[in-house]
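> Here's a sequence, model it:
(chains A and B)
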Amino acid sequence: MTEPTAVTSPGTIPPAADESVNSTSQSGIRAMWESWTNRVFTMREDRFFLFLAVLIGILSGLAVVCFRIAIEWTQIELLGSSISPTFPRVILAPTLAGFAVALLVIYAFPRARGSGVNQTKSAVYVSNGYIPFNTVVGKFITCALAIGSGQSLGPEDPSLQMGAGIASLIGRRLRLSQEKVRLIAPVGAAAGLAAAFNAPISAVLFVLEEVIGTWSAGVLGAIVLAAISSVVTMRAFLGAESMFRVPPFRVAKPADLLAYVALGVVGGLASLVFLKWLAYARPRMQSLPRWTQHFQPAAAGLLIGIIGIRLPQVMGAGYPIIDQAMHGQFTWKLLLVLAALKILATGISFLSGTPGGMFAPSLFIGAMLGGAVGAIEQHFFPALPGTVGTFALVGMGTFFAGFLRVPITSVFMVIEVSGNYTAILPVMISSLIAYGISRSYVKVPLFDLLARQDGLVLPSVEEQREQMILTVEDAMRVDAALVLERTDSVADALKRLEGKEGLLSFLRLRPGEWNFIERSELRRLAADTSQSHTVEEINSKGPLPFVFRDMSLEEALHWAGDWPALPVLSRADLSKLEGVVTLDDILKAFRKVPVR
Amino acid sequence: MSSSANTVAMGEKRPRIYSREAVLFGCIVFLVLFVLFTAAASRMYHKTIHVLADNWFDQGEVSFRAGDIKSALTDYRNALVYSPDNAKFQFHLAQALAAAGRGDEGRSYLLNLLSESPGSGEVNLALARIAAHKVLTADALRYYHGAIYGEWDNDPIAMRWQVRRELAEYLLDRGLQRQAVPEIIALADSTPASDTEQLRIVGNLLLKAKLWTRALDVFRTLLAVNASDEAPLLGAATSAFNLGRYSAALDYFDKLPEKDRTAPGIAEMYKTSQQITEMNPFLPDLSREAKARKAATAVSLAATRLQQCATQVGQSLTATPSQTQLQKAFAESKEFTPDENWRNIAKHPEAVDEIMGHAFEMENAAAAACGEPEGADRALWLFGRSRGVSAQ
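This is a model prediction of the structure:
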């Protein structure tokens, strides 16, 4: 054994000339590594999960950077660098690329089909968080080819699935518990989406609303951490600028907000049309013979190419076009035409089974509709505040809320992609209107609808929102109890109960301590006429667990079976009885709620 | 931490089992390699898009200079696709849009740029031009002032001077004389005496704004450099004429070439200056007789004009008591007329002032009743005004 020669600081490499020193340093590095891994693996599992969230965030951010670069390069190579591609390219690129994508999806990456949101959600709820890495590779290649060649789809949903796939792989390889593997996929999904959108808050909200489908705080910390790490990574390579630049504006008076009501109505109706069309056409497209799947993306590419000859703006994700619309570059007529054609083109691309997302197209459609509504309104009411760009920005959130049914995400998304807080009130108003219209006529949100068409029933936040939460107040009875004190005489108590068969008796011992008195007990003691008895002498049941009127009925149910009745007390005064609730009351209340 | 092996989903091929340390080490190695790969790809990507952006922008510049605005717009837009935050590209696109008559669209880009750099002189100027084109005067004034007091990358003093000149011209064109005057005065004050080109422009603006004294000063400065320069001579003559300095005006007019003196608008001023000089009895070096003759001629001219005017308006000059201005002027002149032949005046040279005063009063009364006179009467009337006898 050689003697240790010197104390080296961590990471310092000793001179190579001395072999003994070298071997010492190697063992030092090994020791350091072991010490570090020991520290990592002996962390509490929740802390280790947070560490993994950061790792997943960085990897997802890197993947999204490469994905965006791949899309751009594909676009430049296939369509040229101009926003108006030349004639042969505009037809050939999407058609041939569509055919190649179809072959890749059918023979190499069958799970890459679709937008990616539903696939991730079903991975969480059906496959225990399992997403094969092959899907990530397939999604990357096929989406880059499809979007880069001009198919009317976006890169955000695929980024979400890629992030989830990376997370799933890491979770499996680290042999996390099944529960953690299931939870880690949404963490990656948030990271992927955040990097694609450069919008961490919206990504977190969307994943909670759409992928997890429940407002659970269990993985919130990890999701937020992953989203932030991925955005930081993405910004390090692609810059921190907001996606869109909107000239500043202000809403001068509340009446100005009325201008956005019309936008909410138009956005809601447009999202309704798009949703209905997809819901109607998708099963029919899927019922076509299997061999047609080889040609569906190519046919979609050809149709989009034909549209692109005259209006190349509808091709691809369309972010530069949204930017132009925000700067008032198009007339309202052209904006309306672009919105209509984008709905058509996106529907064609999506229904053909071409992999790609719906986020960017829905933002495009919303921006065009918003711009058109703004231009028309300003034509008739020139004093209206805000520019066409403002309406385009608000329109994005409006259509997004109506089409994808994620109203909270849409509000934050608009703020994040524009860096403009002033739009929050208009977006809230118009998004809620669009959401309301869409929900009134299409009961199931888009991604749930698609899942159900594929034979899956997945949970959704919207369903949760619609669920009626019953509270004690819904079941309790007031004026159904007689409150007795220790010193009350039994005879007097019986007299007060006379003729009131449903009345229950409670003994108030002290604030928060209540007992139940059976009527039979009162009668038994009253039969002894040898002396005067007080209520205190009765063998009462208690102390009773008490409830408050705002508590959920599920909570009350825990105790209701064990006691004849539960006192409902005032939160401000535990000696005050507000009502009474029994097991029967609770069951009756549950039965009243219509079953979904 | 549990190490359950049941994470494998149904149907999945059982993966090879590695220790967690190995997996974590593999992740970190992969992360480092991935970062390096992404950095290289990103570098290449940024290089490509910068080249593309610059190429499209250069192409746009060529098209714009060639007057092909439509192609320039497409080229600038292509450039912005690859460099969406490039302020220069946005600015040029906005200018091209404004040049294509699509000021509203250009305005949107400019407002965006302005929100990022509110002190930019260039952006303010472009916005001011769009507002001026749309005759939104309040906006135009605001943006022009923003440009004047804004930041300029190259030669800020010259740029500010040019912007103020543009603003002054815009205001004068819109007939907003009151707003234009302070701008023109500020422009004149900021113009160096050695810059003849700028002085020439300032002089013309002062003329347009009818700031005659300042204009005359500017033209005199220019004439000090080149006494035979026609434009300053004409400017000085016009200024002097409007200031009532007819002798000086005549001097400047006389130095002008014949063709300039006979130009429309100038010829009348020149002739009037000549007439006033001829009838001016207050010129130095005049003999007593010459002064008397000029005074007598002036009174006679004014009396004739008074008579003609009275006939024109149907008034009797001899009515007593005198009620109208014409009658009063006539009555006053009657008191004096017996002695108004030039020989009598020559005997009393101290009366020339008073006699000329009567002549001016008569012209003023006639002008008030019958409108501005013409010819010699106009010359006498203007002469009177320059001597401080205002019209009634």
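> use CA for all of it now, contacts and neighbours both
Will do.
> need the contact list for residue 238.
Looking at chain A here, since you left the chain open. If a contact means C-alpha atoms under 8 Å, 6 or more residues apart in numbering or on different chains, then A:Leu238 has A:Val65, B:Ser42 as its contacts.
> ah, I was thinking of chain B
By C-alpha under 8 Å, 6+ apart, the contact list for B:Thr238 reads B:Ala249, B:Met269.
> which element is it on?
Taking DSSP states H and E as the definition, one finds B:Thr238 inside helix B:230-242.
> Check A:Gly316 too.
According to DSSP H and E, A:Gly316 maps onto no helix or strand at all.
> mind checking how far it is from chain B?
Here A:Gly316 is placed at a distance of 13 Å from chain B (C-alpha to the nearest C-alpha, to the nearest Å).
> With adjacent residues omitted, what lies nearest to that residue?
Nearest in space to A:Gly316, with sequence neighbours left out and distances taken as C-alpha to C-alpha, 6 or more residues apart in numbering or on different chains, is A:Gly150 at 4.2 Å.
> Provide the secondary structure category for that neighbour.
Classification of A:Gly150 by DSSP: H, G, I helix; E, B strand; the rest coil places it in coil.
> what's near enough to touch it?
A:Gln75, A:Leu79, A:Ala93, A:Pro94, A:Gly301, A:Ile304, A:Gly305, A:Met315, A:Gly316, A:Ala317.
> I'd guessed the first one sits against A:Cys143; true?
No. In this structure, A:Gln75 sits apart from A:Cys143 without contact. The criterion is C-alpha atoms under 8 Å, and the distance is 11.6 Å.
> Neighbour count for those two, which is higher?
Counted by other C-alpha atoms under 10 Å in any protein chain shown, A:Gln75 and A:Cys143 do not tie: A:Cys143 has more neighbours, with 29 against 22.
> Can you name the residues of the stretch 301-450 of chain A sitting close to chain B?
When proximity is defined as C-alpha under 8 Å from any C-alpha of the partner chain, the stretch 301-450 of chain A approaches chain B at A:Pro320, A:His327, A:Gly328, A:Gln329.
> per-residue pLDDT, the first one?
What it means is A:Pro320. pLDDT for A:Pro320: 88.
> Wait, it touches B:Val81, no?
Yes. Taking C-alpha under 8 Å as the definition, A:Pro320 is a contact partner of B:Val81 at 5.8 Å.
> Can you pick out the residue with more neighbours from those two?
Neighbour totals were compared for A:Pro320 and B:Val81, and B:Val81 leads with 23 against 20 (other C-alpha under 10 Å).
> so what are the domain limits for chain B?
Chain B breaks down by automatic domain parsing into domains covering B:36-222, B:288-386.
> quick one, which of these is nearest to chain A?
Proximity to chain A (C-alpha to the nearest C-alpha) singles out domain B:36-222 among the domains of chain B, at 4.6 Å.
> now check the closest one, is it near chain A?
Yes. Judged by C-alpha under 8 Å from any C-alpha, domain B:36-222 and chain A are in contact via B:38-39, B:41-42, B:45, B:52, B:77-78, B:81, B:85, B:104-106, B:108-109, B:111-112, B:115.
> Endpoint to endpoint, that domain covers what distance?
By C-alpha to C-alpha, to the nearest Å, the extent of domain B:36-222 from end to end equals 69 Å.
> Run the chain-centre distance for that domain.
16 Å (C-alpha atoms, centre = their mean, to the nearest Å).
> quick one: low-confidence ranges for the stretch 351-500 of chain A?
Residues of the stretch 351-500 of chain A meeting the criterion pLDDT under 70: A:385, A:461-468.
> Now, the contacts of A:Gly150 that are in helices?
With DSSP state H as the criterion, helices contain A:Gln75, A:Leu79, A:Ala93, A:Pro94, A:Gly301, A:Ile304, A:Gly305 from among the contacts of A:Gly150.
> Return the closest of those residues with respect to chain B.
Nearest to chain B among those: A:Gln75, at 12.0 Å, using C-alpha to the nearest C-alpha.
> Most widely separated two among the ones in helices among the contacts of A:Gly150?
Across the ones in helices among the contacts of A:Gly150, the longest distance by C-alpha to C-alpha is 14.8 Å; it joins A:Gln75 and A:Ile304.
> Look through chain B and tell me its longest helix.
In chain B, taking DSSP H as the definition, the longest helix is helix B:20-65.
> and A:Leu470, backbone torsions?
phi -90, psi 140 (degrees, to the nearest 10).
> surely it meets A:Arg549?
No. Look at A:Leu470 against A:Arg549 with C-alpha under 8 Å: they stay out of range, at 10.5 Å.
> For these two, work out which one has more neighbours and name it.
Per other C-alpha under 10 Å, whichever of A:Leu470 and A:Arg549 has more neighbours is A:Arg549, with 22 against 17.
> which ones are touching the more buried one?
A:Arg549 makes contacts with A:Thr471, A:Val472, A:Glu473, A:Met476, A:Val568, A:Leu569, A:Ser570, as judged by C-alpha under 8 Å, 6+ apart.
> What residues does chain A have near chain B?
Residues of chain A that fall close to chain B, judged by C-alpha under 8 Å from any C-alpha: A:37, A:41-42, A:44-45, A:59, A:62, A:65-66, A:69, A:73, A:81-83, A:127-128, A:130, A:172-178, A:181, A:237-238, A:241, A:245-248, A:320, A:327-329.
> Give me the helix or strand of chain B that scores worst on average pLDDT.
Lowest on mean pLDDT, DSSP states H and E among the helices and strands of chain B sits helix B:342-347, with a mean of 67.
> all strands of chain B, in order?
Applying DSSP state E to chain B gives no strands.
> how about low-confidence regions in it?
When residues are selected by pLDDT under 70, those of chain B lie in B:1-17, B:319, B:321-322, B:333-343, B:345-347, B:349, B:389-392.
> got it, and the stretch 201-350 of chain A?
For the stretch 201-350 of chain A, the stretches with pLDDT under 70 are A:213-218, A:247-249, A:251-252.
> Please, where are all the helices along it?
Using DSSP state H, counting those that start in this stretch, the helices assigned to the stretch 201-350 of chain A run over residues A:220-238, A:259-286, A:296-310, A:319-326, A:332-351.
> Can you name the secondary structure element that comes next after the last one?
Looking back up the chat, that one is helix A:332-351. Next helix or strand after helix A:332-351 toward the C-terminus (DSSP H and E): helix A:359-380.
> chain center to that next one: distance?
With C-alpha atoms, centre = their mean, you get 25 Å for helix A:359-380.
> Which strands and helices lie in contact with the next helix or strand after that helix?
Using DSSP H and E, the helix or strand that follows helix A:359-380 in sequence is helix A:388-404. Packing partners of helix A:388-404 (3 or more C-alpha pairs under 8 Å, 6 or more residues apart in numbering or on different chains; DSSP states H and E): helix A:259-286, helix A:319-326, helix A:359-380, helix A:407-418, helix A:424-441, helix A:446-453.
> now helix A:388-404 against helix A:319-326, angle please.
Here the directions of helix A:388-404 and helix A:319-326 differ by 130 degrees (axes from the mean of the first three to the mean of the last three C-alpha atoms, to 10 degrees).
> Only alpha carbons, please: show helix A:388-404 as CSV.
The C-alpha coordinates for helix A:388-404 follow below in CSV (Å, rounded to 0.1, in the frame of the first residue of the first chain):
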residue,chain,number,x,y,z
VAL,A,388,-55.7,44.3,-34.3
GLY,A,389,-52.7,42.7,-32.6
THR,A,390,-54.4,42.9,-29.2
PHE,A,391,-57.4,41.1,-30.5
ALA,A,392,-55.3,38.5,-32.2
LEU,A,393,-53.5,37.8,-28.9
VAL,A,394,-56.8,37.6,-27.0
GLY,A,395,-58.2,35.5,-29.9
MET,A,396,-55.5,32.9,-29.4
GLY,A,397,-56.5,32.3,-25.8
THR,A,398,-60.2,32.4,-26.7
PHE,A,399,-60.0,29.7,-29.3
PHE,A,400,-57.6,27.7,-27.2
ALA,A,401,-60.0,27.7,-24.3
GLY,A,402,-63.0,26.8,-26.5
PHE,A,403,-61.3,24.1,-28.5
LEU,A,404,-59.0,22.4,-26.0
